[in-house]
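# Turn this into a structure:
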Amino acid sequence: MVAIESKKHHTRRCTTDWIRSTMNRGKTLISTLAVCAFALLLAPSVYATQREVGTGLAYATIQACINAAGSGDICNVHAGTYTENVSFQANGVTLQVNSGDTVTVSGIIDILSHSGAVVDGFHVTGYTSSTGGIHAYNTTGGIIRNNVVNDATGAGIYVRLVTNFQIYGNTVYNMAGAGGSNGDGIISYSTNSTDGTYAHGVQIYSNEVYQNHQDAVNINGSYMSIHDNYVHDNIYSDWASVHPDGIECNGLADGYTGCPHTLVYNNIVKNQNQNIYFDGLGTPAQNSDIWIFNNVVFNDATSSTGVSMATGTSSQINLQVGQTAYIFNNTVGGTVQYFDILLGDGSGGNNASLAFTDVHIKNNIITSSLYIGLWTYPSTNVAEMDYNIYYNNTTALVHWGASGSLTSMATVRSTTGMETNGQSANPLLN
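Reported below is the predicted structural model:
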């Protein structure tokens, strides 16, 4: 092993004979001991051991390897099916699949509260768990990547109270179960950043999440980045009672309400009851600074699970109870029963307590709703609206608070004082 050889090299240098010979060459005792001290500082990384798991190898089970592993160690798992529930025992351990192999875990992998953990490349299936197939709680610096989680009861991937965490390259589908987190694809609850930056918050990216029986990506907390995911067809015939969403922030957990400081960008999101949904369920400040940009958000006529999206969906982008959001550069369209974009109360009940104020809406394509392109109640939700293209929205382009439905761009401009550069035209989408 290269790392072990490197460690032996440094250790060999710091023998008594080496120290004497170095001093005989004119080096001081202080400078000589400094070299040895530096070598010792390298010890945590160079002591790392790759431990092999599989038939006929050092460890027959994954858990046996995890029990033996220390910080910096790698448990390298060879091909096979492992029927076990795996629980991490130390910080800084990497659990990975041997290159080119397929490893199935019939059970769960639980990082627990161990920092710096990596789970890479597993197929996780066949479990029943309220905390997900791959789970982490109250920790930092973890990575969950390149795994497939499917056909189990509970959530697929579930992290809670984590910071500086990455979830990427995973495929999660066909999660089942009733109530709570059961049936969700990816859950990230009560998360935050170590330093108030997105780089050290929670990043969920480049995942495919589909055909789960509840929400696809369910989030709560601060400084989250949700980007470059393909989220689709998380809807079944029970949609009216389940209300499955694509990317959803809607709940209270561990004192966190809503999702202040959240980025949602470069995603493809289609065929859910609500494709992107933010609801603070609290004071507006608890669900603020939301950026939704560069996404393609749409519905087919029928989902891959057989649900007619003309009746199985309510809105494409929905913001309720909050303040300060930016909806920029999105393509929003396809079959939707009510609204492409909904701000505040869309029920017609004119409930101003549901307002999401200070919303900036620019440079979007808003097309093909079966009712209204953009609905806002109250109208004061919208701080800025321009450069949007509206097309083929059956009833109206915009519903503007108490002013009602606006059916032409001229009426939109005169009523709102906005959309100076907006258009009602065919965007020529392919």
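
# Surely Gly201 and Ser225 touch.
Yes. Between Gly201 and Ser225 there is a contact under CB atoms under 8 Å: 6.7 Å. Where C-beta positions appear, they are placed from N, C-alpha and C, glycine not excepted.

# Of those two, give the one with the bigger neighbour count.
Just comparing Gly201 and Ser225: by other CB atoms under 10 Å the higher neighbour count belongs to Gly201, 26 against 19.

# Spatially nearest residue to that one (excluding sequence neighbours)?
Of all residues not flanking Gly201 in the chain, Tyr223 sits nearest, at 3.1 Å (CB to CB, 6 or more residues apart in numbering).

# Quick check on that neighbour: phi, psi?
Phi and psi for Tyr223, reported as degrees, to the nearest 10, are phi 60, psi 60.

# measure it to Thr411 for me?
Distance, Tyr223 to Thr411, by CB to CB, to the nearest Å: 40 Å.

# Below-threshold pLDDT in the stretch 1-150 of the chain: ranges please.
1-47 (pLDDT under 70).

# For it, which segments count as strands?
50-53, 74-77, 80-82, 86-87, 94-97, 103-106, 109-112, 118-120, 123-125, 128-129, 134-137, 143-145, 148-154 (DSSP state E, counting those that start in this stretch).

# now the ones you listed in a markdown table, with mean neighbour count and distance to Ala60?
Formatted as a markdown table, the strands of the stretch 1-150 of the chain follow (neighbours: other CB atoms under 10 Å; distance: least, CB to CB, whole Å):
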| stretch | mean neighbour count | distance to Ala60 |
| --- | --- | --- |
| strand 50-53 | 18 | 8 |
| strand 74-77 | 22 | 11 |
| strand 80-82 | 14 | 9 |
| strand 86-87 | 20 | 13 |
| strand 94-97 | 22 | 16 |
| strand 103-106 | 20 | 14 |
| strand 109-112 | 22 | 17 |
| strand 118-120 | 21 | 20 |
| strand 123-125 | 21 | 19 |
| strand 128-129 | 16 | 24 |
| strand 134-137 | 24 | 22 |
| strand 143-145 | 21 | 25 |
| strand 148-154 | 21 | 23 |
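
# As CSV, these with distance to Ile372 would be great.
Putting those into CSV (distance: least, CB to CB, whole Å) gives the following:
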stretch, distance to Ile372
strand 50-53, 57
strand 74-77, 53
strand 80-82, 52
strand 86-87, 50
strand 94-97, 49
strand 103-106, 47
strand 109-112, 45
strand 118-120, 44
strand 123-125, 42
strand 128-129, 42
strand 134-137, 40
strand 143-145, 40
strand 148-154, 37
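
# for the ones you listed, which one sits closest to Asn192?
Smallest distance to Asn192 across the strands of the stretch 1-150 of the chain (CB to CB): 13.7 Å, for strand 134-137.

# Run the chain-centre distance for the closest one.
Between the centre of strand 134-137 and the centre of its chain there are 14 Å (CA atoms, centre = their mean, to the nearest Å).

# quick one: contacts of it?
If you take CB atoms under 8 Å, 6 or more residues apart in numbering as the criterion, strand 134-137 is touched by 108-113, 117, 119, 122, 124, 129, 131, 142, 144, 147, 149, 156-162, 165.

# can you check stretch 176-187 too?
By CB under 8 Å, 6+ apart, stretch 176-187 touches 128, 130-132, 151-160, 167, 170, 172-173, 175, 204, 207, 209-210, 212-219, 231, 234, 242, 244.

# again, only using 6 Å
153-158, 172, 175, 209, 212-218 (CB atoms under 6 Å, 6 or more residues apart in numbering).

# Emit the PyMOL select command for whichever of these are buried.
To isolate the buried members of the contacts of stretch 176-187 in PyMOL, using 16 or more other CB atoms under 10 Å:
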select buried, resi 153+154+155+156+157+158+172+175+209+212+213+214+215+216+217+218
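
# Please narrow the contacts of stretch 176-187 to those residing in strands.
With strands taken from DSSP state E, the overlap with the contacts of stretch 176-187 comprises 153-154, 157-158, 172, 175, 209, 217-218.
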